[in-house]
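> Build the 3D model from these lines:
(one chain, ligands or ions: 1)
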Amino acid sequence: MTETTVWKRPHILALADFSPAEYDAVLQTTASFREVLSRRTKRVPALQGQVVAILFFEPSTRTRSSFELAAKRLSADTLNFAPGTSSLTKGETILDTAKTYLAMGADIVVVRHQAAGVPATIARALTKLNPKVSILNAGDGQHEHPSQGLLDLFTLCSLLDWESPRLEVLKGKKIAIVGDILHSRVARSNLWSLTAAGAEVHLAAPPTLLPTLFAETFKEARPGKVVLHHELAPALEDADFVMALRLQQERMTQNLLPSLREYHQRYGITRDRLKLCQPEVKVLHPGPVNRGVEISSDLMDDPRLSLIAQQVTNGVAVRMALLYLLGNRNNE
Ligand code: ASP
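Now for the predicted structure:
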């Protein structure tokens, strides 16, 4: 981070109100940690003596491991919470669980929960007890997934300018987001960050997964930057990037799709369909992927077209940046 950037935000709960300066601070700090991660010794003492508690009330592979590794690379002590083996099974509330970790000395609490708003509620309750604590939302229901939005942003910006990834390099780019947009917190966080960068976001999904009302907030906040499609082709046409999203069957309360096969036939991203896009197009997916449904299996594994592995790699550097910025704000 440059000497001029001072991080003020106490918690990272959503990207909806992130400023361009905050995005750039994250991108720049991430680039420094990417350099650290390319060294032989990948650990720095930036958060030595601090405690990062990782409270995941919902399953996760990438995000949980990535936060844990990020905290370790910064030399923080980590505490891990798994609901199945915790006192939640004895009736303890989520807030009391969070307070227990605070009482143990947690400086940063990373929270994932299946209900929107839980990280914000925890932030309010814990701040009253200790104004120095920071809460980081690692995905809350269908609300937001800020660290995923930021790692996607970093992946795109550093592809366009490796040395100096910054918000403005995405200006005017066309990005298609395809899939289960209705249930996706990743889509919501990305909509805020990509439109803040001045990109044009084209959403494509069947009407059941993309109700017309969905984008009203974004359309009002970022006029002309969000376009809805119920057919795939117009979204892909001349796109610079395509982001496929998982069909979140665990959040679908009704039958919203005829069949996965039919979904793939109409909305699946394949090599052939990418011919509609810009010649240099790249594909992203936040994972986990339903292979052969949202994206064809061969495309997913093709490093010339797929950024999926880079997204996972960048996830660690981005989360190091977020923990670092929060962990050092009390020293400013
Ligand atoms: N891993 C992402 C999330 O937690 C995307 C997904 O689950 O499909 O929201």
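> Against residue 295, how distant is the residue in the chain that the ligand sits nearest to?
Across the chain, no residue is closer to the ligand than residue 246, which sits at 3.5 Å (Cβ to the nearest ligand atom). For the C-beta atoms, the positions are set from N, CA and C on the backbone; glycine is no exception. Between residue 246 and residue 295 the computed distance is 10 Å (Cβ to Cβ, to the nearest Å).
> Mind listing the shared neighbours of the two?
Common contacts of residue 246 and residue 295, defined by Cβ atoms under 8 Å, 6 or more residues apart in numbering, comprise 285, 289.
> Looking only at neighbour counts, state which of the two leads.
Each of residue 246 and residue 295 has its neighbours counted (other Cβ atoms under 10 Å); residue 295 has more, 28 against 19.
> what's across from the more buried one in the sheet?
Bridge pairing for residue 295 (DSSP bridges) gives the partners residue 269, residue 291.
> In contact with the residue of the chain closest to the ligand, which residues?
By Cβ under 8 Å, 6+ apart, the residues touching residue 246 are 179-180, 184, 285-290, 294.
> List the buried residues for the helix or strand of the chain with the lowest mean pLDDT?
Here the helix or strand of the chain ranked lowest by mean pLDDT, DSSP states H and E is helix 216-221, holding a mean of 87. For helix 216-221, the neighbour count (16 or more other Cβ atoms under 10 Å) marks residue 218 as buried.
> Can you dump the C-alpha atoms of that helix in PDB for me?
C-alpha atoms of helix 216-221 as PDB (Å, rounded to 0.1, in the frame of the first residue of the first chain):
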ATOM      1  CA  GLU A 216     -33.500  -2.300 -10.400                       C
ATOM      2  CA  THR A 217     -31.200  -1.200  -7.600                       C
ATOM      3  CA  PHE A 218     -28.100  -1.500  -9.900                       C
ATOM      4  CA  LYS A 219     -29.800   0.200 -12.800                       C
ATOM      5  CA  GLU A 220     -30.700   3.100 -10.600                       C
ATOM      6  CA  ALA A 221     -27.300   3.300  -8.900                       C
END
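> tell me what that helix is packed against?
In this structure, helix 216-221 makes packing contacts with helix 185-196, judged by 3 or more Cβ pairs under 8 Å, 6 or more residues apart in numbering; DSSP states H and E.
> so how far is the helix it packs on from its chain's centroid?
9 Å (Cα atoms, centre = their mean, to the nearest Å).
> before we move on, what about stretch 285-299?
That offset, for stretch 285-299, works out to 17 Å (Cα atoms, centre = their mean).
> how long is it from one end to the other?
Using Cα to Cα, to the nearest Å, the span of stretch 285-299 from its first residue to its last is 11 Å.
> repeat for stretch 174-192
OK, stretch 174-192 end separation, Cα to Cα: 15 Å.
> ok, that stretch near the ligand or not?
Yes: using Cβ under 6 Å from any ligand atom, stretch 174-192 reaches the ligand at 185-186.
> to the chain's geometric centre, what's the distance from that stretch?
10 Å.
> What of stretch 161-170?
Taking mean C-alpha positions (Cα atoms, centre = their mean), stretch 161-170 and its chain are 18 Å apart.
> and what of stretch 20-37?
15 Å.
> For that stretch, buried residues please.
For stretch 20-37, the neighbour count (16+ other Cβ under 10 Å) marks 22-34, 36-37 as buried.
> quick one: which of the residues you listed is nearest residue 136?
residue 26 (12.2 Å; Cβ to Cβ).
> Could you look up the SS state of that closest one?
Secondary structure for residue 26, judged by DSSP: H, G, I helix; E, B strand; the rest coil, is helix.
> In contact with it, which residues are there?
Residue 26 neighbours (Cβ under 8 Å, 6+ apart): 150, 153-154, 318, 321-322, 325.
> now those in a markdown table, with neighbour count, secondary structure and pLDDT?
Listed next are those as a markdown table, based on neighbours: other Cβ atoms under 10 Å; DSSP: H, G, I helix; E, B strand; the rest coil; pLDDT from 0 to 100:
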| residue | neighbour count | secondary structure | pLDDT |
| --- | --- | --- | --- |
| 150 | 27 | helix | 98 |
| 153 | 29 | helix | 98 |
| 154 | 26 | helix | 98 |
| 318 | 28 | helix | 98 |
| 321 | 28 | helix | 98 |
| 322 | 24 | helix | 98 |
| 325 | 22 | helix | 98 |
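> now for the residues you listed, which pair is the farthest apart?
Of all pairs in those, the most separated under Cβ to Cβ is 153 and 325 at 14.9 Å.
> Show the overlap between the contacts of residue 26 and what lies near the ligand.
Applying Cβ under 6 Å from any ligand atom to those, none is adjacent to the ligand.
> now those as CSV including distance to residue 273?
Shown next, in CSV, are those (distance: Cβ to Cβ, whole Å):
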residue, distance to residue 273
150, 28
153, 24
154, 26
318, 29
321, 34
322, 34
325, 39
